[in-house]
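**Student:** Provide a 3D model corresponding to the input given below.
(4 chains)
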Protein chains: 4
Amino acid sequence: MSVKVAINGYGTIGKRVADAVSKQDDMKIIGVVKTRPTSEAKLAVRKGYKLYVAKDGAQAFKDAGIDVAGTADELFRAADIIVDCTPGKKKEGGTTGEDYLKVYRELGKKALFQGGEKHKLTGLSFNSTANYSESLGKDYARVVSCNTTGLCRTLFPLQEAFGIENVMAVMVRRAADPYDSKTGPINAIEPEVKVPSHHGPDAQSCMLGLNIQSMAVKVPTTIMHLHQLAVKLKKPATTAEVLKVWEAAPRVIFVSTKDGVKSTAQVMEIAKDLSRDRADLYEIAVWKDGVNVVGDMLYYSQAIHQESDVVPENVDCIRALCGLEKDGKKSQQKTDKAMGIVKL
Amino acid sequence: MSVKVAINGYGTIGKRVADAVSKQDDMKIIGVVKTRPTSEAKLAVRKGYKLYVAKDGAQAFKDAGIDVAGTADELFRAADIIVDCTPGKKKEGGTTGEDYLKVYRELGKKALFQGGEKHKLTGLSFNSTANYSESLGKDYARVVSCNTTGLCRTLFPLQEAFGIENVMAVMVRRAADPYDSKTGPINAIEPEVKVPSHHGPDAQSCMLGLNIQSMAVKVPTTIMHLHQLAVKLKKPATTAEVLKVWEAAPRVIFVSTKDGVKSTAQVMEIAKDLSRDRADLYEIAVWKDGVNVVGDMLYYSQAIHQESDVVPENVDCIRALCGLEKDGKKSQQKTDKAMGIVKL
Amino acid sequence: MSVKVAINGYGTIGKRVADAVSKQDDMKIIGVVKTRPTSEAKLAVRKGYKLYVAKDGAQAFKDAGIDVAGTADELFRAADIIVDCTPGKKKEGGTTGEDYLKVYRELGKKALFQGGEKHKLTGLSFNSTANYSESLGKDYARVVSCNTTGLCRTLFPLQEAFGIENVMAVMVRRAADPYDSKTGPINAIEPEVKVPSHHGPDAQSCMLGLNIQSMAVKVPTTIMHLHQLAVKLKKPATTAEVLKVWEAAPRVIFVSTKDGVKSTAQVMEIAKDLSRDRADLYEIAVWKDGVNVVGDMLYYSQAIHQESDVVPENVDCIRALCGLEKDGKKSQQKTDKAMGIVKL
Amino acid sequence: MSVKVAINGYGTIGKRVADAVSKQDDMKIIGVVKTRPTSEAKLAVRKGYKLYVAKDGAQAFKDAGIDVAGTADELFRAADIIVDCTPGKKKEGGTTGEDYLKVYRELGKKALFQGGEKHKLTGLSFNSTANYSESLGKDYARVVSCNTTGLCRTLFPLQEAFGIENVMAVMVRRAADPYDSKTGPINAIEPEVKVPSHHGPDAQSCMLGLNIQSMAVKVPTTIMHLHQLAVKLKKPATTAEVLKVWEAAPRVIFVSTKDGVKSTAQVMEIAKDLSRDRADLYEIAVWKDGVNVVGDMLYYSQAIHQESDVVPENVDCIRALCGLEKDGKKSQQKTDKAMGIVKL
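**Tutor:** Residues are numbered from 1 along each chain as shown, chains lettered A, B, ... in the order given. Below you'll find the model as predicted:
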């Protein structure tokens, strides 16, 4: 019997989670909530998803000729678990994560949130690699953001293998997603003046006790974030030993400038060549020839596909909360197999 | 029995044609020629394509751990038809389209070329909508470029329905493809000082006698070309009549700013939401609310996915040259069905 | 005796007009109105401009340590003429051009507005080349936008010399100004679906009876607009004759790809090499080798520096409204000499 | 009596150094060497610089109607010192820094090179703040690159005041200069896979013994580099103490997001508002509200104007090599006064 999943917020993450859940055999999408009758909404219906809207929202959809199955409330009631993909930064007067959590709680439904929400909302931050078991059977969790997911994917295996003394991470962030033609900058670099940026503390929410400092900067690109990392290991390691650890780590792949992969542009081309859905790349791409050990320091560069790396984590998180699988590694393998995620 | 197709040049167009041909039931890929052992080459092998290389090129592939099936020459001999996707603008000393045509001719093989080559190379320029039948059973043809394909897709149906007095086309061209991180500009607009740009004469190579003038300009984006068109029709037409013509036209879709599709960014998002392979959009996207009839003039805006709109035309062209199907419309329908191209 | 000029709105245009007016010997800046205590405000004070603020705005400036000379109202009363450089598109609830016109009228002050306002606000649209004399001694005028100024600069001389049958103009617009790091798109092209775009009718407001059609498209660059123009002349002209006309035209310069000027990037570099203030380019740059006469059609490409081409027109407009100079050509020469604008 | 300065290579740096030298009273430009008859060459002549060309290069300039004063060799013989601004990365077969050094040496001329050359070329790397006195009276020096200059400007005062245990620097580099419309990427981030990037060792060439690690990444912008820095100080310092040190440091200014300076876009606007020549910013801009002390670590963000920060250093270096001024601070003050560089 499949777990019934509702998606609240069918946008960048929501639509991807919907498709990923649909590929699993132990869960299914029973409907998605959409607020505006956009082109995206039309294509959701075309794909076979049932659309649910806010109580007073149906008319706009009707006007646009889009079929509506019911209200968001009706959908939530019918679901076993709700994947909340509503935007983290709510506009003035908008519904917040707290508001929605209250709704889900009153209906007695499990729910998972995205990294736009704060850790304290659920008190439980989730990453498949770092702390799957902590969410087992719980009611609420937050799947950490794309950047934090990227940090956990490569740092957790390092910590397990060698121990980490400290980490300095600089996140070079894409300024807008590919579908977004409103947001800039077109020609500028914008530093985050707050140190640490939210990424360090967020990584700590999944990897307790990690000594990490993070700075962030926003740049005019739409396709990927890039992390420059300096890690002081507790136990000395060679480059080869580090590579071996990541070879065995889930959802981490290697790329190399020697194969012509010089930038995030060629990394995303790999996703296309793999015929991944929406040309997404669920894995963190580490430059193999950018892994440098200097004394007790490890330096490396990794690229993060901001729209999709958290998608398999959402699937795993559903499985953890609903208790469908106790072993995190097995959940990851199951998810990956269904989504076509295989080590390159 | 399937026609045996060889791809010479497994790059942006070549790899897409390979995948499209593989989806048809009357043709198959017997191998692809690749010159450098890049990440793209590795993924080709992973996909199951046999790699053929230049006579002296095998060692570099071996060094990179990539299996090679033989030489380009061996592949060409085994093929019924060769799809030449080698770059149009050859570097100094490189092999040109003329050189390759000679090779194919000596081997007695049919071949089709891409729009980077000039019309005079084959004397026959191909567009599925405009002039399929002219290529029927011929030995050599050139599938016109992405921009010219875009012009033919919307102008030919207009010419059929209303007659065209003249066309003024301004092509706002993307400066680089998404995988290309070398080419700029990053922050400039570059006009083509030659008038007409090559696009007008190229459209005439498929639509004889078309009275068209074209200007071009290059802008810092990687995802689509955009055409601004002013067409003087011979027979007056209303906006509704024009829309009706394009509704019936192959490989033309409508988008609308009213659905949130304000730019090429949202157009490409549609391709993702349609789960098209490599997130490609084979159709020309016309802004429905940008179709304006003022007196006897028709103004409209259309977006062209430079990497993929010619891909179904390549399939049709193989069919025409090999005489697999006499009726162009039927070939288009067959191609489209196999590739999942359906009217939105 | 100098005309006393107040600047209402010390932003992109306002600060440039302030500097340009300061260089003239028949007018002077008595103060500028600024709404927010930004870095720009600090630098205005540093430059010696007196800052005036809204009635309730002084505290914020004091808190930021910026000296304020008084209220906007006080400044307006002391002025002979007000250059209104407040944003054309007001946010909800904000003061509009109509509101300000009422204020100026009640104070009995002359005023000129910018191209963000509509023609009907003043009923008089100004361009130095096209219609200086029409504004002579009038109380209110609107200096047309940067794009419209660009159109008038090259079209009016053509009309005088050869007559114009019709014009098709495609404006490839920069999406944001260089200081603006908020606005996108980063990687998309956005067509204006309304035809004509506002530029055609705006050009007609200065050049009555001009038969012009315009389309617009927004692209990810910050430095210049680019126009692609097709003009049907009444009297046939050779390329040489057209060039001769523009050689004599004010505020038009030639650039050439043969000198390495291939894009707007190199055009702006010329402004730097000329040591122009703020690296501005007040002239319209026409590609000399992009001027093509084909039959009775003239095709050309021109680049427009959106931040500065209207600045000398503002100076001329002050002179026209205040009746300081009856002859538009003489005003232009006086303005240009003071600002260092000389034919290349 | 003025020192006679020749500029070899009138490009991005060369033309700026020429203008800066022209503003000093103890040195003057006697001519500049240009290789191609571009728009830049025409404007050099217009500015009054005498153009010298390679022996076989005069004809191309004549054809373009540009006056030539003589050959590069003649210019070098007449000079006291040569500022070599030829490109660091020479194309195959081109003249290298080594070749030119030999020429200068044979003529018995002093010379200074730019940061594109390696330290070993002259064995002496120059930064006005860090090591002026070391170059005093020497024959040859290299002015370090824009990024390294930026590092020295803020790190040296820290070292003097507090001592530096170690530095981790991530340089987010602009991919192309504003005049360059050829180079990309348009939409990608490119990591430097070599660690350390050249910036760390380069900083050590001016600040012996500095313990610094550096990583670099290239992003699609043209206007400034941005550094994210983490510095472990030997002596604990408060944020206020750090700010005080930089307030006293030459060619360092503060900007703040509180004044609206959120990115490099607004930093460059300041240079425009200061009416700096070519809208250049010679100073390093440090975000005042981005200076964060956490324990014994100092984190900060700084922006570097790649085209101009080394220009005053070139002037100082001429002064040092020619022994015009023994005190580096006095040279800096003299240079700054002449160039209008004042603390904000």
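**Student:** From now on I want contacts and neighbour counts done on CA atoms only, so please keep to that.
**Tutor:** Fine.
**Student:** list the contacts for the closest residue to A:Val217 other than its chain neighbours?
**Tutor:** Using CA to CA, 6 or more residues apart in numbering or on different chains and skipping residues adjacent in sequence, the residue nearest A:Val217 is A:Pro191, 4.2 Å away. Counting by CA atoms under 8 Å, 6 or more residues apart in numbering or on different chains, A:Pro191 makes contact with A:Ala216, A:Val217, A:Lys218, D:Leu226, D:Lys262, D:Ser263, D:Ser301.
**Student:** can you list those residues in TSV and add secondary structure and pLDDT?
**Tutor:** Putting the contacts of A:Pro191 into TSV (DSSP: H, G, I helix; E, B strand; the rest coil; pLDDT from 0 to 100) gives the following:
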residue	secondary structure	pLDDT
A:Ala216	strand	98
A:Val217	strand	98
A:Lys218	strand	98
D:Leu226	strand	98
D:Lys262	coil	98
D:Ser263	coil	98
D:Ser301	strand	98
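**Student:** which one of these is nearest C:Tyr140?
**Tutor:** D:Lys262 (37.1 Å; CA to CA).
**Student:** And the strands in the stretch 151-300 of chain A?
**Tutor:** For the stretch 151-300 of chain A, strands defined by DSSP state E, counting those that start in this stretch occupy the ranges A:164-174, A:190-191, A:212-219, A:225-233, A:252-255, A:284-287, A:292-294, A:297-304.
**Student:** mind putting those strands in JSON lines, distance to B:Pro236 included?
**Tutor:** As requested, the strands of the stretch 151-300 of chain A are arranged in JSON lines below (distance: least, CA to CA, whole Å):
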{"stretch": "strand A:164-174", "distance to B:Pro236": "48"}
{"stretch": "strand A:190-191", "distance to B:Pro236": "53"}
{"stretch": "strand A:212-219", "distance to B:Pro236": "49"}
{"stretch": "strand A:225-233", "distance to B:Pro236": "52"}
{"stretch": "strand A:252-255", "distance to B:Pro236": "57"}
{"stretch": "strand A:284-287", "distance to B:Pro236": "56"}
{"stretch": "strand A:292-294", "distance to B:Pro236": "69"}
{"stretch": "strand A:297-304", "distance to B:Pro236": "53"}
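**Student:** returning to that earlier point: any chance of the contacts of A:Pro191 in JSON lines, plus neighbour count?
**Tutor:** As requested, the contacts of A:Pro191 are exported to JSON lines (neighbours: other CA atoms under 10 Å in any protein chain shown):
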{"residue": "A:Ala216", "neighbour count": "23"}
{"residue": "A:Val217", "neighbour count": "22"}
{"residue": "A:Lys218", "neighbour count": "21"}
{"residue": "D:Leu226", "neighbour count": "29"}
{"residue": "D:Lys262", "neighbour count": "23"}
{"residue": "D:Ser263", "neighbour count": "29"}
{"residue": "D:Ser301", "neighbour count": "26"}
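**Student:** quick check, nearest of those to chain C?
**Tutor:** Nearest to chain C out of the contacts of A:Pro191 is D:Ser263 (CA to the nearest CA; 6.9 Å).
**Student:** got a list of what the closest one touches?
**Tutor:** D:Ser263 sits next to A:Ala188, A:Ile189, A:Glu190, A:Pro191, C:Ser181 when contact means CA under 8 Å, 6+ apart.
**Student:** between these, which is closest to chain D?
**Tutor:** A:Glu190 (4.1 Å).
**Student:** so that closest one touches A:Pro220, yeah?
**Tutor:** No. In this structure A:Glu190 lies outside contact range of A:Pro220 using CA atoms under 8 Å: 9.2 Å.
**Student:** For these two, work out which one has more neighbours and name it.
**Tutor:** Between A:Glu190 and A:Pro220, A:Pro220 has the larger neighbour count (other CA atoms under 10 Å in any protein chain shown), namely 30 against 25.
**Student:** How many residues are close by whatever residue of the stretch 51-200 of chain A ends up closest to chain B?
**Tutor:** Chain B sits closest to A:Tyr179 of the stretch 51-200 of chain A, with a gap of 4.7 Å, by CA to the nearest CA. Counted with other CA under 10 Å, the neighbours of A:Tyr179 add up to 21.
**Student:** Same question for the one 5 residues further on.
**Tutor:** With neighbours defined by other CA under 10 Å, the count for A:Gly184 comes to 26.
**Student:** Spit out the contact partners of it.
**Tutor:** Contacts of A:Gly184 (CA under 8 Å, 6+ apart): A:Ala175, A:Ala176, A:Pro220, C:Ser181, C:Lys182, C:Thr183, C:Gly184, C:Pro185, C:Ile186.
**Student:** Show the pLDDT at the most far-flung residue of chain A relative to its centre.
**Tutor:** Here the centre of chain A is the reference, and by CA atoms, centre = their mean the most remote residue is A:Asp63, at 33.8 Å. On pLDDT, A:Asp63 comes in at 92.
**Student:** Quick check: residues of chain A near chain B?
**Tutor:** A:37-40, A:43-44, A:47, A:178-181, A:187, A:258-263, A:265-266, A:268-279 (CA under 8 Å from any CA of the partner chain).
**Student:** got a winner among the contacts of A:Gly184 for most neighbours?
**Tutor:** Tallying neighbours with other CA under 10 Å puts C:Ile186 at the head of those, with 33 neighbours.
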